[in-house]
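Novice: How does the following fold in three dimensions:
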Amino acid sequence: MFETLKNALSTKEIRLKIIFTLLLILVYRIGCYIPIPGIDASALEQIFGTAGSDFLGMMSTLTGGSMQNGTLFALGILPFINASIIMQLLTLAIPKLEKLSKEGDEGRKKMTQITRYFALVLALIQAIGIVASWNNQGAITGVFAYEAGQVPYLTMSFVIIILVAGSSMVMWLGERITEYGIGNGMSLLIFIGILSTAGATMASAFGLVGEKWEYIWNVIGFILVVLAIFAFIVYMDSAERRVSVQYSKQVKGNKMYGGQTTHIPIRINASGVMPIIFASSLLMFPQMIMQLFWADSSAYIWYAQNMGSGTWVYYLFLALFIIFFSYFYAMIQFNPDDVSRNIQQYGGFIPGIRAGKPTSDYLRKINNRITLFGALFLATLSLIPTFVFNALSADGALGFGGAFSATGLLIVVSVALEFNKQLESQIMMRHYKGFLK
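Specialist: Numbers count the residues shown, from 1 in each chain. The predicted model follows:
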């Protein structure tokens, strides 16, 4: 990866793209520190420090702490990511959207435009819910004059507009990085947000080491565990099952085609981080609604204590939902019937397997087994790091439990690998001789 980065920096065009990407990321990070008038930062700190704030804490982690500080980019890129996930699912359910997604560049542009509008709607809904929750807990101050005892609707409306505008600007920055910079801009912004949150946690932990030297072993253990998990994720991300396919020779005119052997790669973790996102979002949705609108009710207190995040019931259902969504997402990405039909159409066959339905059944059987291993890998990754990091946090003093979540670990590694692959592809497009050494 370092050799690839060195070769990329020595190419002027790619170097300019990297500089442009870094400048836009700098603009994003500056926006994460611009406070919104009308929000009491000290009250927000108390809200995020209370029990049961896991959903808001996860959102703050993905936004680089912007949510917790009540700044311009508090919503971050999350509305656009949620809109993209929902649009992807609707494409399977609505034939018109499925047809639009297969119309080439024009269809993709229309789908992207629809996703933008949908993201604005989600940003508005999330902003209203979050601001209403903050107002109920005393985090909204009266920037605009209002009488004591009245709800500061004007201030709340102002904060909602700023939050939606900030989310729109983050979406614009991500698209500019994708268009003129290096890689997927949306993923890079989440990547930077997670790293900044982890960096702030590590800086705070090293500060506590100066006060109590025993914490140095917790910090060293945390770093070693993170490196081991990163290595394990990289190993599993590249693991795949290769199904051999042989094409028979065909004579067309004066030329002979085929007669070669290739393979179909079926990755163990083809679905990536999506099953964890789906499962955690589904489980946290009831708690999020209760926390935003009925934070003081007895029903919310009971739910948070018995079924909320951190309880054994939550972890049990999280593992089950991850396995379910892994199979669900595998069905979306890999269709054995279509693959079998394409193999047969071009005169190919899997050695020892008859063409047609036996081939599709064989591919489906392999895909189900591979998906099971991938689902167990994701379920393990979603549970083990949480317990290990909490154990290394010295009863929460170091805060390692919130530094990296399972979703954050996968996103960081996946984005880094994707960034490296995109640099390699751009170097190859320019036939850079240094890459061929």
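
Novice: where does residue 35 fall, phi/psi-wise?
Specialist: Dihedral angles phi and psi of residue 35 (degrees, to the nearest 10) take the values phi -70, psi 150.

Novice: for residue 346, that is, sorry about that
Specialist: Dihedral angles for residue 346 - degrees, to the nearest 10 - are phi -100, psi 20.

Novice: where along this structure do the strands fall?
Specialist: 240-247, 250-252, 255-257, 261-267, 348-349 (DSSP state E).

Novice: Burial-wise, tell me which of those comes out on top.
Specialist: strand 348-349 (a mean of 19; mean count of other C-beta atoms under 10 Å). Every residue, glycine included, has its C-beta placed from N, CA and C.

Novice: circling back to that earlier point, looking at the strands of the chain, which is nearest to residue 216?
Specialist: With C-beta to C-beta as the criterion, residue 216 lies closest to strand 261-267 of the strands of the chain, at 39.1 Å.

Novice: and the closest one, what does it pack onto?
Specialist: strand 240-247, helix 357-391 (3 or more C-beta pairs under 8 Å, 6 or more residues apart in numbering; DSSP states H and E).

Novice: which neighbours does it have in its sheet, and in what orientation?
Specialist: Strand 261-267 pairs in its sheet with strand 240-247 (antiparallel), by DSSP bridges.

Novice: how much distance is there from the partner strand to the middle of the chain?
Specialist: 30 Å (C-alpha atoms, centre = their mean, to the nearest Å).

Novice: could you give the angle of it to helix 357-391?
Specialist: 160 degrees (axes from the mean of the first three to the mean of the last three C-alpha atoms, to 10 degrees).

Novice: Now do strand 240-247: everything it contacts.
Specialist: The contact list for strand 240-247 (C-beta atoms under 8 Å, 6 or more residues apart in numbering) reads 258-268, 343, 346-351, 363, 366, 370.

Novice: Export the strands of the chain as TSV, with columns for mean pLDDT and distance to residue 97.
Specialist: Below are the strands of the chain laid out as TSV (pLDDT from 0 to 100; distance: least, C-beta to C-beta, whole Å):
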stretch	mean pLDDT	distance to residue 97
strand 240-247	82	30
strand 250-252	62	37
strand 255-257	62	37
strand 261-267	81	26
strand 348-349	79	32
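
Novice: Figure out which of those is closest to residue 63.
Specialist: Closest among those, once you apply C-beta to C-beta, is strand 261-267, at 29.4 Å.

Novice: hey, C-alpha coordinates of the closest one in PDB?
Specialist: C-alpha atoms of strand 261-267 as PDB (Å, rounded to 0.1, in the frame of the first residue of the first chain):
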ATOM      1  CA  THR A 261     -10.600 -22.200 -18.100                       C
ATOM      2  CA  THR A 262     -11.600 -19.400 -15.700                       C
ATOM      3  CA  HIS A 263     -13.300 -19.200 -12.300                       C
ATOM      4  CA  ILE A 264     -16.200 -17.500 -10.500                       C
ATOM      5  CA  PRO A 265     -15.000 -15.800  -7.300                       C
ATOM      6  CA  ILE A 266     -17.500 -16.000  -4.400                       C
ATOM      7  CA  ARG A 267     -16.300 -13.900  -1.500                       C
END
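
Novice: Just give me how far it sits from the chain centre.
Specialist: 27 Å.

Novice: same thing with stretch 108-118?
Specialist: 19 Å.

Novice: Relative to residue 196, which of the helices and strands packed on strand 261-267 is closest?
Specialist: helix 357-391 (17.7 Å).

Novice: any idea of the mean pLDDT for the closest one?
Specialist: Averaged across helix 357-391, pLDDT comes to 83.

Novice: again, but for stretch 3-12
Specialist: Stretch 3-12 carries an average pLDDT of 73.

Novice: in that stretch, what counts as buried?
Specialist: Buried residues in stretch 3-12, counted by 16 or more other C-beta atoms under 10 Å: 4, 7-8, 11.

Novice: One more: stretch 18-38?
Specialist: So stretch 18-38, judged by 16+ other C-beta under 10 Å, has buried residues 18, 21, 24-25, 28-29, 31-32, 36, 38.

Novice: Which of those sits closest to residue 190?
Specialist: Looking across these and measuring by C-beta to C-beta, the closest to residue 190 is residue 28, at 10.7 Å.

Novice: quick one: the closest one and residue 173, what's the gap?
Specialist: 5 Å (C-beta to C-beta, to the nearest Å).

Novice: so what's in contact with these two at the same time?
Specialist: Common neighbours of residue 28 and residue 173 (C-beta under 8 Å, 6+ apart) are residue 189.

Novice: Need the residues that contact stretch 170-180.
Specialist: 17, 20-21, 24-25, 27-28, 31, 73, 75-77, 79-80, 116, 119, 183-186, 188-189.

Novice: in it, what's buried?
Specialist: Going by 16+ other C-beta under 10 Å, stretch 170-180 has these buried residues: 170-171, 173-174, 177-178.

Novice: Greatest separation within those: which pair is it?
Specialist: Every pair of the buried residues of stretch 170-180 checked by C-beta to C-beta; the farthest is 170 and 178, at 12.8 Å.

Novice: can you count the residues close to the residue lying closest to residue 92 once chain neighbours are set aside?
Specialist: Leaving aside its sequence neighbours, residue 92 sits nearest to residue 332 (C-beta to C-beta, 6 or more residues apart in numbering; 6.5 Å). Per other C-beta atoms under 10 Å, the neighbour tally for residue 332 reads 13.

Novice: Same check on residue 160?
Specialist: 19.

Novice: show me what contacts it?
Specialist: 124, 127-128, 131.

Novice: Closest one of the residues you listed to residue 382?
Specialist: Nearest member of those to residue 382, counting by C-beta to C-beta, is residue 127, at 28.3 Å.
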